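Q: Below are the sequence and a predicted model for it; my questions follow.
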Amino acid sequence: MSGRSVAKILLGLSLGLLTACAVFAAGIAVGAGVPALGTLISRDAAPLWPWNPDPAASDPAQSGQDELFQPFWEAWNIVHQQFVDQPVDDTQLMQGAIRGMMDALGDEHSSYMDPDEYLQANLPLDGSYEGIGAWVDTEGEYLTIVSPMPDSPAERAGLQPGDQVIGIDGQDVTGQDPSVVVRSVLGPAGSTVHLTIQREGAEAPLEFDVPRARIEIPSLETETLDGGIAYLHLFTFGEQTTDDLRAALRELLAQNPRGLIFDLRGNGGGLLATAVDVASEFIGDGVVMVERYGDGREEIYTAETGGLATEIPLVVLIDGGSASASEIVAGAIQDRGRGSLVGETSFGKGSVQQWIPLGDDAGAVRVTVARWLTPDRRQIGDVGLTPDVEVELTEEDMAAGRDPQLERARELLLEGLAATALP
């Protein structure tokens, strides 16, 4: 499975949308976590149209809007007067109209979330969930397993990267929004969910009974590899990530490693502020990213001083699951010449969204408000970051327990150290 084919969301298959309050469901939160590159903001929003079924009663100042929306109200009246199954649900019609408007933007990252979805997306996160323990992609046609978490129910049941969920507890979920489907996989620890899986190469759908459990989601993991190379794998960009990263770097650097491998593979992103903090640990000063708005305005984000790992030889691992905040950090490191990127082309999440709550608890809309650029002003949206050294990680490699990307990163560091040591 190509790394480019997956957009990984940190959830332990416990909430492709619960990270919304903490990360970018793939994304940069200009404030939070699964509004993939989206931020939750608390401010009132003006109504999207004059909510008045009778155009004749509109304010004269709204005459331009009245004319524009005349076909809408005509269609509204036709539905109420002639649709065979009466009465119709006005709330559902209103929500459908908003969804249609957001879809008409032609931007896959702009969308509508109904009140129930928005409520669940704002549930507090405590670093653990009750689910099956898998990283998932909710931005494609199907809810897709990016990878099971180590020693999780998903891994023990035999789920594999690339598996597409097409049925839950005997119910067909094809055609449903994956961000909604993921909620059906959640449930209390000790219960079991039956998943129907579509797997590439399989002649027929596969069936799995997966027990749910309390899933603890780590922020990162560290290790010391052969040759005195430190290894740090970051899983998300949340509120505690900066503190966790600094603590891990202090512990690793105290061992005087010869180089550092920073693994951002499968990291779907998170908070924008955290991305800048993380980049600052490796870059130290200067531009980290540029945010460009529709009117041409730009906001430049620079690194904070005092980074702990600004001198150590560095290689960054990326793949198709590296998105949003991960790409901000990796792009800054690449543009600034701070280290080499190894692996596969990243996901290509180059825009910033805001979640804007609608009045009267009517849900929220997510709107793309800006695009971000690397320090060299490269746009990576739909393109991604190209590694300096491309190394594929195949399913055969994973099945055999091999990691050629990690091994190549270690070799590069050792080769660079050897060259530096030559007289």
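A: Received, thanks.
Q: all strands of the stretch 251-400 of the chain, in order?
A: 259-263, 270-271, 287-293, 298-302, 314-318, 340-343, 351-357, 364-373, 389-390 (DSSP state E, counting those that start in this stretch).
Q: what about Gly190, how many residues close to it?
A: 10 (other Cβ atoms under 10 Å). Quick note: C-beta positions are derived from backbone N, CA and C, even for glycine.
Q: and what of Arg366?
A: 26.
Q: That one pairs with what?
A: For Arg366, the beta-bridge partners under DSSP bridges are Ser111, Trp355.
Q: Could I get the contacting residues of it?
A: For Arg366, the contact set (Cβ atoms under 8 Å, 6 or more residues apart in numbering) comprises Pro35, Gly38, Met102, His109, Ser110, Ser111, Tyr112, Met113, Gln353, Gln354, Trp355, Ile356.
Q: Among those residues, pick out the one closest to Arg297, please.
A: When those are compared for distance to Arg297 (Cβ to Cβ), Gln354 wins out at 15.2 Å.
Q: Can you give the domain ranges for this protein?
A: 3-42+119-216, 220-421 (automatic domain parsing).
Q: got JSON lines for the ones you listed, with mean pLDDT too?
A: Below are the domains of the chain laid out as JSON lines (pLDDT from 0 to 100):
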{"stretch": "domain 3-42+119-216", "mean pLDDT": "70"}
{"stretch": "domain 220-421", "mean pLDDT": "92"}
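Q: Can you tell me which of these is nearest to Ile78?
A: Per Cβ to Cβ, nearest to Ile78 of the domains of the chain: domain 220-421, 23.6 Å.
Q: could you pull out the helices for the stretch 101-250 of the chain?
A: Ranges of helices in the stretch 101-250 of the chain, per DSSP state H, counting those that start in this stretch, are 115-121, 153-157, 178-185, 241-253.
Q: Against Glu155, how distant is Thr368?
A: To Glu155, Thr368 is 35 Å away according to Cβ to Cβ, to the nearest Å.
Q: re the thing from before, any chance of the contacts of Arg366 in a markdown table, plus neighbour count?
A: Output for the contacts of Arg366, formatted as a markdown table (neighbours: other Cβ atoms under 10 Å):
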| residue | neighbour count |
| --- | --- |
| Pro35 | 32 |
| Gly38 | 36 |
| Met102 | 19 |
| His109 | 23 |
| Ser110 | 20 |
| Ser111 | 23 |
| Tyr112 | 23 |
| Met113 | 27 |
| Gln353 | 27 |
| Gln354 | 22 |
| Trp355 | 26 |
| Ile356 | 18 |
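Q: ok, Val193 - contacts?
A: Val193 neighbours (Cβ under 8 Å, 6+ apart): Ile132, Ile168, Asp169, Ser184, Val185, Gly187, Asp209, Val210, Arg212.
Q: Repeat that for Gly228.
A: Contact analysis of Gly228 by Cβ under 8 Å, 6+ apart lists Asn256, Pro257, Arg258, Gly259.
Q: hang on, isn't Leu317 packed against Ile261?
A: Yes - Leu317 is in contact with Ile261 according to Cβ atoms under 8 Å; the separation is 6.5 Å.
Q: tell me the contacts of Ala309?
A: Contact partners of Ala309, counting by Cβ under 8 Å, 6+ apart, are Leu249, Leu253, Leu260, Glu281, Phe282.
Q: Arg265 too?
A: Shown in contact with Arg265 (Cβ under 8 Å, 6+ apart): Gly3, His233, Leu317, Ile318, Asp319, Gly321, Ser322, Gly343, Gln405.
Q: Of these - the most surrounded one?
A: Result: Ser322 is most packed of the contacts of Arg265 (other Cβ under 10 Å), 34 neighbours.
Q: how near is it to Lys349?
A: Counting by Cβ to Cβ, the gap from Ser322 to Lys349 is 9 Å.
Q: repeat for Glu298
A: 19 Å.
Q: Comparing those two, which residue is more hemmed in?
A: Lys349 (30 against 11).
Q: How many residues are close by the nearest residue to Pro257 once chain neighbours are set aside?
A: Among residues not flanking Pro257 along the chain, Ala230 sits closest, at 3.7 Å (Cβ to Cβ, 6 or more residues apart in numbering). Around Ala230 there are 25 other residues, counting by other Cβ under 10 Å.
Q: is Ala230 in a bridge, and if so with what?
A: Thr224, Leu260.
Q: For it, list the residues it contacts.
A: Contact analysis of Ala230 by Cβ under 8 Å, 6+ apart lists Thr222, Glu223, Thr224, Leu252, Leu253, Gln255, Pro257, Gly259, Leu260, Ile261, Ile312.
Q: Please pick the buried ones from these.
A: Using 16 or more other Cβ atoms under 10 Å as the burial test, the contacts of Ala230 include Thr222, Leu252, Pro257, Gly259, Leu260, Ile261, Ile312 as buried.
Q: With distance to Asp397 added, can I get those residues in a markdown table?
A: Converted to a markdown table, the buried ones among the contacts of Ala230 look like this (distance: Cβ to Cβ, whole Å):
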| residue | distance to Asp397 |
| --- | --- |
| Thr222 | 22 |
| Leu252 | 26 |
| Pro257 | 25 |
| Gly259 | 23 |
| Leu260 | 23 |
| Ile261 | 17 |
| Ile312 | 27 |
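Q: Looking at those, spot the one nearest Pro387.
A: Checking the buried ones among the contacts of Ala230 against Pro387 with Cβ to Cβ, the nearest one is Ile261 at 13.4 Å.
Q: before we move on, back to that, let's have the contacts of Ala309 in a markdown table, adding distance to Asp90.
A: Formatted as a markdown table, the contacts of Ala309 follow (distance: Cβ to Cβ, whole Å):
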| residue | distance to Asp90 |
| --- | --- |
| Leu249 | 55 |
| Leu253 | 61 |
| Leu260 | 58 |
| Glu281 | 52 |
| Phe282 | 53 |
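Q: Between all of those, which two are separated the most?
A: Among those, Leu253 and Phe282 lie farthest apart (Cβ to Cβ), at 12.1 Å.
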